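[1] Quick check, what structure comes out for this input:
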Amino acid sequence: MVHTVPGRVRIRCVHGGERLRTAQTLVEGLAGVTYARSNPACRSLVVVFDASQLTTAAILAALLAMDPAQCREPQTLGHCACPARRIEEPSLRPHAVRFGVLTAAGLWMLGRKVLLSAAAPGLVSPVGAAVLFGVLPLLKSMAKDVRRGKVSLESFLGGAILAAAGAGEVSTALEVLWINTGSDLLTAHMARRSRRSIKAMLKETAHHTFVLRDGVEVETPTADLQPGDVLALHAGERIPADGVVISGEALVDSSSMTGRSELEACGVGASVYAGSVVRRGVIHVEARCVGEETYLARIFDKVEAGLSHRSDIEHMADTLARRTINIGFLVTVGTLVFTQSLWRAFTVLLVMACPCATSLAASSAINAAIAGGARERIIFKGGRPLERFAGVDTVCLDKTGTLTGALPHLAAIHTMNGLGEAEVLQLALSAEAHNHHPLAEAIKDHGAALGLTPQGHERCEYFLGQGVHAVVDGRDVLVGNYKLLQRFEVPFPQGDLRVSAMQADGLTVLFLASQGEVRGLFGVANPVRADAGAVVEYFRGSGVDVHLVTGDEALTAQALARDLRIPNVLVSALPEDKARLMVDLRGQGKRPAMVGDGVNDALAMVEAEVGVALGSHGNEAALEAADIALLGEDLEGVMKAHQLSRRTIRIIHENFWIATGSNILGGLAGALGVLGPVAAGLLHIGHTSAVLLNSARLMQKKVY
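    The predicted model follows:
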């Protein structure tokens, strides 16, 4: 068991593939399971369920009963996710070697022709040997295509080059190979540049750190760190692992992760993450996640995996490239038949049968956009979410933690039915002791400011979108919203003007009930983010419908919607209600995006066209559920991600025009004899370079 919160568990399985899919099917059939999702890359299974009907232990028992070899014995792995799956960085060496050999052969041939007026080289010559060496990868692809019964660009090119060499046009074959290999080299360079820009954004952790061993600081390679090690971190040192401060105080710079320029004061109990830097002070940190299980490594893995996931528009580019090959083949044959000129035919072949620019039109832009977004702490899980976010026509915004930014604070406390204010606050503080929802944090912060400490509780249950049920000092205690009162059949205080007054003021009202009666009311203020109005106005101006989706009651939600000019509001929404709204919107032909900040929005993110997690720094639930994760704390990041998505699609269409237009004009000029093979080669290099340079604009500092 990797991670669990009430109503959600993540399990790591020994096997992936079919066994993992079987496990998902089995879990989906359990009563109380809302949804299950498997991740073959991490061999993990995420299950969301109704905690009142099903327990984590029952889910694990069902999996173990299915196949004892399928899952490990239940064990807690802290808050770490699955080990990151590293995608190999594209190597330039094979392309560079081939390109170097072909370039040397071309210079040798050119030198002999200029200095010695030598005839064109034949197949049995250094140039012929270079051609045979350079064509080997294409011949391997041709052999694979023959076995599969299909024709690809590589096999077509390989056959054309062999035909040219066999017909005595070794120099033409060399030119075709040189251009193709140069394009491959440019493509590999672009992909590597994308990945390196991601690494530069994330920054590598230090190679060595100091670990406390028997009270002595011992310098230790970060690769040797283990969970439980106590790290001694001084000013200027980069934190090498995720962990919790157990002693000391320091100012920590986490700007590379969150985008916040101000330093964060970290004392005992504070969570710190790999990649952050200690600027002042000294802290001792107990490592929780190390190596490839750190949050930093998992973010890098998500971005790298995104670079390998092809979008619909990339598949469209591949289809267009295949059609260009077919048309190029027909035009080449037609040119040869009607003009009887092998020279003209190879010119057409060089232009139209090598649609490298068309193939790169989408993939180069997608890769550059993912890398450019990562620099802005916008994590796209592949090209498909990026493409789909550009096409959304509806944006659904959660309230708490999304439209409201800073931590909520307790603005009002009212008591009833005989309890005093201190006792009401003490009961709520004790019930919420282990709840990390922003509203719970507001109660705990207020209690801590008054010097109160939580009492122990014998039992604690969490209900997503409702609240918490605990047993404190032998008393049943509920802290939550109206739906929690309904669940436990606690009478609502009808006619209490304090409730409606707090809601009219925009406060979120929480009820404290004990022994079957409401005993207290809490009014929690949620400061609206400074950029919320601008973001809502941006989407409205872009023709996108905006919805407010919240678990708050009607008066509170409508007050916020009125201030932000949001016309559509869904109130008192449980997680499944939010998910149902996504299904309904899609059923109406709309393409909705769900923007939220945590596990309460996970179901809706899964059902939406695109799920966007805001401020997902250290938030595993958001990182797993969302298609786009924003590491920064600003709502403006949603707007930037949308602008980047739209700009990417626009650049892809520009690339299509560059590639297709130059192919058509070049092919026509070649067939008419206006363009020779050398000029065709330069045209090919030119339009491929133009596509790559146009896409590279998405990697600039300002990408939106």
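[2] contacting residues for residue 165?
    123, 128, 131-132, 173 (CB atoms under 8 Å, 6 or more residues apart in numbering). Where you see a C-beta, it was placed from the backbone N, CA and C, and this is true even at glycine.
[3] can you rerun that using 6 Å?
    The contact partners of residue 165, by CB atoms under 6 Å, 6 or more residues apart in numbering, come to 123, 131, 173.
[4] average pLDDT across the regular element (helix or strand) spanning residue 45?
    Element membership for residue 45 (DSSP states H and E) is strand 44-49. On average, the pLDDT along strand 44-49 is 77.
[5] mind listing what it pairs with, with the direction of each?
    Its sheet considered, strand 44-49 pairs with strand 8-12 (antiparallel), strand 33-39 (antiparallel) by DSSP bridges.
[6] on that earlier part again, just the buried residues out of the contacts of residue 165, in PyMOL syntax.
    Here is the PyMOL command that selects the buried residues among the contacts of residue 165 (16 or more other CB atoms under 10 Å):
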select buried, resi 131+173
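[7] now the contacts of residue 165 as TSV including distance to residue 476?
    Shown next, in TSV, are these (distance: CB to CB, whole Å):
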residue	distance to residue 476
123	90
131	84
173	84
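[8] Including secondary structure, could the contacts of residue 165 go into a markdown table?
    Converted to a markdown table, these look like this (DSSP: H, G, I helix; E, B strand; the rest coil):
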| residue | secondary structure |
| --- | --- |
| 123 | coil |
| 131 | helix |
| 173 | helix |
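[9] Which one of the contacts of residue 165 is nearest to residue 546?
    Taking CB to CB as the measure, residue 546 lies nearest residue 173 of the contacts of residue 165, at 58.8 Å.
[10] who's in contact with that closest one?
    The contact partners of residue 173, by CB under 6 Å, 6+ apart, come to 131, 161, 164-165.
[11] between those, which is closest to residue 138?
    Among the contacts of residue 173, and counting by CB to CB, the member closest to residue 138 is residue 161, at 6.9 Å.
[12] So which bits of the helix or strand where that closest one lies are buried?
    Element membership for residue 161 (DSSP H and E) is helix 153-166. Neighbour-count burial for helix 153-166 flags 153-158, 160-162, 164-165 (criterion: 16+ other CB under 10 Å).
[13] same question, stretch 238-255
    By neighbour count with 16+ other CB under 10 Å, stretch 238-255 contains the buried residues 238-243, 245, 248, 250-255.
[14] before we move on, what about stretch 110-122?
    Result for stretch 110-122 [16+ other CB under 10 Å]: buried residues 112, 121.
[15] Check for me that residue 54 belongs to a strand.
    No - counting by three-state DSSP, residue 54 falls outside a strand, being coil.
[16] Surely it touches residue 36?
    No - under the criterion of CB atoms under 6 Å, residue 54 makes no contact with residue 36, lying 11.7 Å away.
[17] From residue 180, how far off is residue 126?
    Distance, residue 126 to residue 180, by CB to CB, to the nearest Å: 20 Å.
[18] quick one, which of these two is more surrounded?
    Ranked by neighbour count (other CB atoms under 10 Å), residue 126 and residue 180 place residue 180 first, with 27 against 14.
[19] got the contact list for the more buried one?
    Contacts of residue 180 (CB under 6 Å, 6+ apart): none.
[20] Could you check how far it is from residue 355?
    Distance of residue 180 to residue 355, given as CB to CB: 11 Å.
[21] same thing with residue 474?
    Per CB to CB, residue 474 is found 76 Å from residue 355.
[22] These two: who's more crowded?
    The neighbour count for residue 474 versus residue 355, taken as other CB under 10 Å, is higher for residue 355 (27 against 6).
[23] ok, back up a step: so of the strands paired with strand 44-49, which one's packed in deepest?
    Stretch with highest mean neighbour count among the strands paired with strand 44-49: strand 8-12 (a mean of 23; mean count of other CB atoms under 10 Å).
[24] That one - what's its average pLDDT?
    For strand 8-12, mean pLDDT is 75.
[25] Same question for stretch 446-461.
    Here stretch 446-461 scores 86 as its mean pLDDT.
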